[in-house]
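In: Any chance you could fold what I've pasted below:
(chains A and B, ligands or ions: 2)
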Amino acid sequence: MAHPVTGSTTAPVAVPAIEVRELCKTYGSNDVLKGIDFHVDQGEVVCVIGPSGSGKSTLLRCVNRLEEPTSGVIMVEGIDITDSETDLDAIRTRIGIVFQQFNLFPHLTVLQNLTLAQRRAKKRGKREAAEIARRNLEKVGLAEKADAFPAQLSGGQQQRVAIARALSMDPDMMLFDEPTSALDPELVGDVLGVMKQLASEGMTMMVVTHEMGFAREVGDRVVFMDGGVVVEQGVPEDVLGDPQHERTQSFLSKVL
Amino acid sequence: MPGRAGDPADGRYIPRVKRSTRRYLVQGTLYVVFVLVVLFVVLSADWERIQPYFFNPEIAASLFPDIVLTAAKNTVIYTLIAFVGGVLLGLVLALMKLSPVLPYRWLATGFIELFRGLPALLVIFAFAFAVPIALEWRPPGGSTGAGLIGLIIVSSAYIAETIRAGIEAVPKGQTEAARSLGLNPLWTMITVVLPQAFRIITPPLTNELVIIIKDTSLLFIVGMALDQRELTTFARDALSSTASATPLVVAALLYLVITLPLTQLVAKLERHNKRGR
Ligand SMILES: Nc1ncnc2c1ncn2[C@@H]1O[C@H](COP(=O)(O)OP(=O)(O)OP(=O)(O)O)[C@@H](O)[C@H]1O
Ligand SMILES: [Mg+2]
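Out: Ligands and ions are numbered 1, 2, ... in the order given. So this is what the prediction gives:
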């Protein structure tokens, strides 16, 4: 990814990584998103919190058009992805997504999970893809599991493989949808550790999570959603420590 | 009717005795009938006459090696052609049926419903004789080849439904993960969905294979040249030339030699799948 401005570190990055304006999504008569304005700047870590059913997953899935928005604008690095001219597959290689249920390919080894899309979507050679894959496996602490099948790994290991798989595409940003919610409590730490490391390396991240500790510690900004709208957002200390809205207060009183 | 509405203990107790008594009676009768039938067959049959008719060692020996080297071999070849063709065509039909393009879905549905609704024998017959004349078409492999195409088409209609079910059984998250990585729909299908779908449908697909093995016997209707004959045709010809049922018995045994290992495999795969789940 070529950055338009080099040299100056104080100049604000012109184009947000993700910019969503007036996004609406309805399923039949169910208004799930009701005019969301949302953005993630480059290098920023944004944590999205909110009660179940508030539309967090739907918002995240709209960002790479796994869900078709009903109306509104979604820009990824300045490119309108709702435009039918946009090469969606190319955009998607720049957006890494990690799902709650890992969604590793069970018929492929860990290494093949990591090289498949590199080869087919990025047209990388076999050796290059394998090299990049091994580097990312090392990064998530699973270098020795390259030849294992997903079913032979613990949930925490599978989720770290899923992160490594997304990273192997050299994405510009990573989207996480409750990455630790399906894990046994003792395995959550490893996954959060990898995510923290990513954040410290400057990765742009959107993290839907119920881990308030992570949001407080790692998030640059916390967005609280409820009922399909963004109710409140700001730095973690403010939103989590001194919420202004009654709905935020009542949600936080339940989860903290 | 005091027994029905009156004392509940009485009402429940009496029918239970009656029901179990009836069950013993029914089972007992079935055993008795079975023993009687066996006795009747064993005692009444003229084994001296029947045995040589159904199994004459000399006639059996005379069938070899042709019944293996030509007939069984052709059965296997026709089976492979029909199965591979049926899977390929069935795959295309399944993908058409799952396509977002409405006319494709119509076309595939019409094709599948038509050929699942017709007797295989009629389709084979039509392809061997009616279609070539109507279209002035010279099928590859003559009428045997045309009959095989009929067999491919019939089996593809069944296999298409099996494959479609397999594709739909692959969790949606798999497709979502693949598309999120930037894989296009074609590569997603080829590298992620289909390998898992075929794993899921291995048992029913093996059953289709066994059915095709037996259905190759329907090809007798196309009237084959000597070296094209499969097991059933071969046995029929030998039946009329030897005036003995021995060829049928030998052919039947050879069918079992081919199908039994496969059905065992299906059972094993099904057990395996159950354990995995
Ligand atoms: N494919 C769908 N069809 C119909 N309704 C859907 C669909 N997907 C989501 N919804 C509805 O949209 C609403 C928001 O769902 P969403 O998954 O975005 O919530 P969420 O904030 O991620 O909740 P959770 O914390 O439970 O994951 C829910 O009421 C859900 O029932
Ligand atoms: Mg969700």
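In: For B:Leu218, see how far away the residue most central in space within chain B is.
Out: Chain B has B:Ile211 as the residue nearest its centroid, 1.7 Å off, counting by C-alpha atoms, centre = their mean. From B:Ile211 across to B:Leu218, the span is 11 Å (C-beta to C-beta, to the nearest Å). (Glycine included, C-beta is placed from N, CA and C.)
In: ok, now A:Val161?
Out: According to C-beta to C-beta, A:Val161 stands 50 Å off from B:Leu218.
In: quick check, A:Pro171 in a strand?
Out: No. Counting by DSSP: H, G, I helix; E, B strand; the rest coil, A:Pro171 is not part of a strand but coil.
In: list the contacts for it?
Out: By C-beta atoms under 8 Å, 6 or more residues apart in numbering or on different chains, the residues touching A:Pro171 are A:93-96.
In: Next, format those as TSV and append neighbour count and distance to B:Gly145.
Out: Below are the contacts of A:Pro171 laid out as TSV (neighbours: other C-beta atoms under 10 Å in any protein chain shown; distance: C-beta to C-beta, whole Å):
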residue	neighbour count	distance to B:Gly145
A:Thr93	20	47
A:Arg94	18	52
A:Ile95	26	52
A:Gly96	28	52
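In: and which of the residues you listed is nearest ligand 1?
Out: A:Ile95 (17.5 Å; C-beta to the nearest ligand atom).
In: So for A:Val161 and B:Leu218, which residue has more residues nearby?
Out: In terms of neighbours (other C-beta atoms under 10 Å in any protein chain shown), A:Val161 is the more surrounded of A:Val161 and B:Leu218; the figures are 25 against 21.
In: Isn't the more buried one up against A:Val140?
Out: Yes. Using C-beta atoms under 8 Å, A:Val161 makes contact with A:Val140 at a distance of 7.1 Å.
In: What strand or helix carries residue 21?
Out: Since no chain was named, I'll use chain A. Assessed by DSSP states H and E, A:Arg21 sits inside strand A:18-27.
In: Chain B is the one I meant
Out: Per DSSP H and E: helix B:8-44 holds B:Thr21.
In: packing partners for that helix?
Out: Judged by 3 or more C-beta pairs under 8 Å, 6 or more residues apart in numbering or on different chains; DSSP states H and E, helix B:8-44 is in contact with helix B:2-5.
In: Give me the distance from the helix holding B:Thr21 to the chain's centre.
Out: What separates the centre of helix B:8-44 from the centre of its chain is 35 Å, taken as C-alpha atoms, centre = their mean, to the nearest Å.
In: next one: stretch A:97-107
Out: Its chain's C-alpha centre and that of stretch A:97-107 lie 13 Å apart, by C-alpha atoms, centre = their mean.
In: What are the contacting residues of that stretch?
Out: Residues contacting stretch A:97-107 (C-beta under 8 Å, 6+ apart): A:60, A:64, A:66, A:110, A:112-113, A:116, A:149-151, A:155, A:158-159, A:161-163, A:165-166, A:174-179, A:181-182, B:171, B:173-174, B:176-178, B:180, B:192, B:195-196, B:199.
In: Could you look up the SS state of the spatially most central residue of chain A?
Out: Centroid-nearest residue in chain A, with C-alpha atoms, centre = their mean: A:Leu175, separated by 0.9 Å. Under three-state DSSP, A:Leu175 falls in the strand class.
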